[in-house]
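*Asks:* What would the 3D arrangement of this be:
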Amino acid sequence: MTNPGKPFSQSCENNKNPILQILRQVFTQPITVWEIGSGSGQHACYFAEQLPHIIWQPTDKAEYLPGIQLWLNEANLNNLMPPLQLDINQSDWPCQAVDGVFTANTLHIISLAEVETLFKRMAVLLSPAAKVCIYGPFNYQGSFTSDSNQRFDQWLKDRDPLSGIRDFEYICKLANAIGLELQYDHSMPANNRLLVFQSFGN
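*Replies:* Numbers count the residues shown, from 1 in each chain. Below is the predicted model of the structure:
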């Protein structure tokens, strides 16, 4: 029976299957994928169920963990780990090495300084063959890709002046600086993208 107290994101329901089609191509080996900013927990449960060869590790700030746990309790999957508290700004992350990273709709929510911190943390933790998938809206050559993204960016900035849709070129620059190379830039529904990076070391 569905728990009515679970958090729910309609956007997660809308984009989970298109994202899954890409993740199937990226995470082909039995590794642990760390999800940065698991939010409601819907993605974690769906991807863990559909990718049984993957160990999925949800993470988020402390206030989101109880809601994520409600989804995990119902999913009851052996390859879905209990959610871990992770704030991008904390100096010690709860892991030693990371083979895979997935994050959705996070870079435009956090500040640009936190985006840069995220890449600095990954520089220390990513294994030589790591793969990183980043989903969300991006600007290209300083321009919005749609009127709806421009309106969304204004809504974000009204809510938090430090947030906003990030430039694709700048994200690639941050990635390259820590040894990640862009493999694919996938067009996704609702004017979103899914960027796939891989370590130079592979």
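*Asks:* do you know how far residue 197 is from residue 131?
*Replies:* 7 Å (C-beta to C-beta, to the nearest Å). (C-beta placed from N, C-alpha, C; glycine too.)
*Asks:* Apologies, that question was intended for residue 77.
*Replies:* 21 Å.
*Asks:* for the chain, what's the longest helix?
*Replies:* The single longest helix within the chain, with elements called by DSSP state H, is helix 10-26.
*Asks:* Low-confidence regions, the protein specifically.
*Replies:* Low-confidence segments of the chain (pLDDT under 70): 1-4, 201-202.
*Asks:* how about the longest helix of the chain: buried residues?
*Replies:* 12, 15-16, 18-19, 22-23, 26 (16 or more other C-beta atoms under 10 Å).
*Asks:* Then stretch 103-116?
*Replies:* Going by neighbour count (16+ other C-beta under 10 Å), the buried part of stretch 103-116 is 103-110, 114-115.
*Asks:* Dump the residues you listed to TSV, plus distance to residue 41 and secondary structure.
*Replies:* As requested, these are arranged in TSV below (distance: C-beta to C-beta, whole Å; DSSP: H, G, I helix; E, B strand; the rest coil):
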residue	distance to residue 41	secondary structure
103	14	strand
104	12	strand
105	14	coil
106	14	coil
107	20	coil
108	20	coil
109	17	coil
110	19	coil
114	21	helix
115	23	helix
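*Asks:* and which of those residues is nearest to residue 68?
*Replies:* The closest of these to residue 68 turns out to be residue 104 (C-beta to C-beta; 13.7 Å).
*Asks:* Looking at residue 77 and residue 131, which has the bigger crowd around it?
*Replies:* Of the pair residue 77 and residue 131, residue 131 is the one with more neighbours under other C-beta atoms under 10 Å, namely 25 against 15.
*Asks:* where along this protein do the helices fall?
*Replies:* Using DSSP H, helices in the chain cover 10-26, 42-50, 65-75, 112-125, 147-159, 168-177.
*Asks:* Tell me which of those is the most buried.
*Replies:* Using mean count of other C-beta atoms under 10 Å, the stretch among those with the greatest mean number of neighbours is helix 42-50 (a mean of 22).
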